[in-house]
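Engineer: Please work out how this folds:
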Amino acid sequence: MQKYTIRSLLIIGAVALVFSGCGQKPTSSGNNSQASEPPATNSQTTPPSKGDPATVEKDPIRLQIKAYYGDEQATKLVEKEVSISYKDEKDKYTTALWTLKKAPQDSNLIPLADSLGFKSAVLKDKQLTLDLTVSGEGRLGSGGEAMLLEALQKTIFQFSEVDTLDILVDGKPAESLMGHMDLPHPMKRGK
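Structural biologist: Presented below is the predicted three-dimensional model:
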């Protein structure tokens, strides 16, 4: 009998603990609502920073540029006017170069830069350093590589702030882009 009394007391004690814990839940949720107040207070301090240029979403900058592609036979360079849009000035050059990867719709032009990936383009002291990668299966012959280099130069040198272009392949100066044509470091405007 004593065994049952002890069990009963333990069960009653456990039930009492559960109910006493339940009684504290409103106080606990009251604490949660207080804990959620600081974010509301923080959000009240954010309106002054909304005018801060760093937090305001910029409208894209739109620009008409010239892009260069191969003709149907890939024997000569063809110039097309295209529109680009970018959010930051630092993205202007890579955005312009990405247009060389896809020919305009309803044309038989050949995108010469299809095998290239443009990692970065950094302008410093009027020199644009372009880091790119070349896909193994998309390499061009010597004539195609010559046209591609000309397309890259013409695309970049249309921006008056760029006087020289240094092309890196996977972060390193390379002797050639695809193994056929010499790659000067840097290339100068007008060459």
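
Engineer: Do a quick rundown of the strands in this protein.
Structural biologist: For the chain, applying DSSP state E gives strands covering 61-70, 77-86, 116-124, 127-134, 164-169, 172-173, 187-188.

Engineer: quick one, which of these is nearest to Thr99?
Structural biologist: Proximity to Thr99 (Cβ to Cβ) singles out strand 61-70 among the strands of the chain, at 4.3 Å. (Each C-beta comes from the backbone N, C-alpha and C, glycine too.)

Engineer: what does that closest one contact?
Structural biologist: Strand 61-70 is contacted from outside by 76-87, 89, 92, 96, 99-100, 103-104, 107, 109-112, 144, 147, 150-151, 154-155, 158, using Cβ atoms under 8 Å, 6 or more residues apart in numbering.

Engineer: follow-up on the earlier one: closest one to Gly179 among the strands of the chain?
Structural biologist: strand 127-134 (9.6 Å).

Engineer: Among the contacts of strand 61-70, name the buried ones.
Structural biologist: 77-78, 84, 86, 92, 96, 99-100, 103, 109-112, 144, 147, 151, 155 (16 or more other Cβ atoms under 10 Å).

Engineer: For the strands of the chain, please prepare a markdown table with the additional fields distance to Met181 and mean pLDDT.
Structural biologist: Formatted as a markdown table, the strands of the chain follow (distance: least, Cβ to Cβ, whole Å; pLDDT from 0 to 100):
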| stretch | distance to Met181 | mean pLDDT |
| --- | --- | --- |
| strand 61-70 | 15 | 94 |
| strand 77-86 | 14 | 93 |
| strand 116-124 | 14 | 93 |
| strand 127-134 | 13 | 93 |
| strand 164-169 | 11 | 94 |
| strand 172-173 | 15 | 92 |
| strand 187-188 | 11 | 93 |
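
Engineer: so can I have CSV of those strands showing distance to His180?
Structural biologist: Supplementary listing: the strands of the chain in CSV, determined by distance: least, Cβ to Cβ, whole Å:
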stretch, distance to His180
strand 61-70, 15
strand 77-86, 16
strand 116-124, 15
strand 127-134, 12
strand 164-169, 14
strand 172-173, 17
strand 187-188, 16
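
Engineer: so Leu183 makes contact with Leu148?
Structural biologist: No - counting by Cβ atoms under 8 Å, Leu183 stays clear of Leu148, with 11.1 Å between them.

Engineer: the more surrounded of these two?
Structural biologist: Leu148 (25 against 18; other Cβ atoms under 10 Å).

Engineer: ok, for Asp88, nearest residue in space, not its chain neighbours?
Structural biologist: Closest residue to Asp88 apart from its sequence neighbours, by Cβ to Cβ, 6 or more residues apart in numbering: Lys58 at 7.4 Å.
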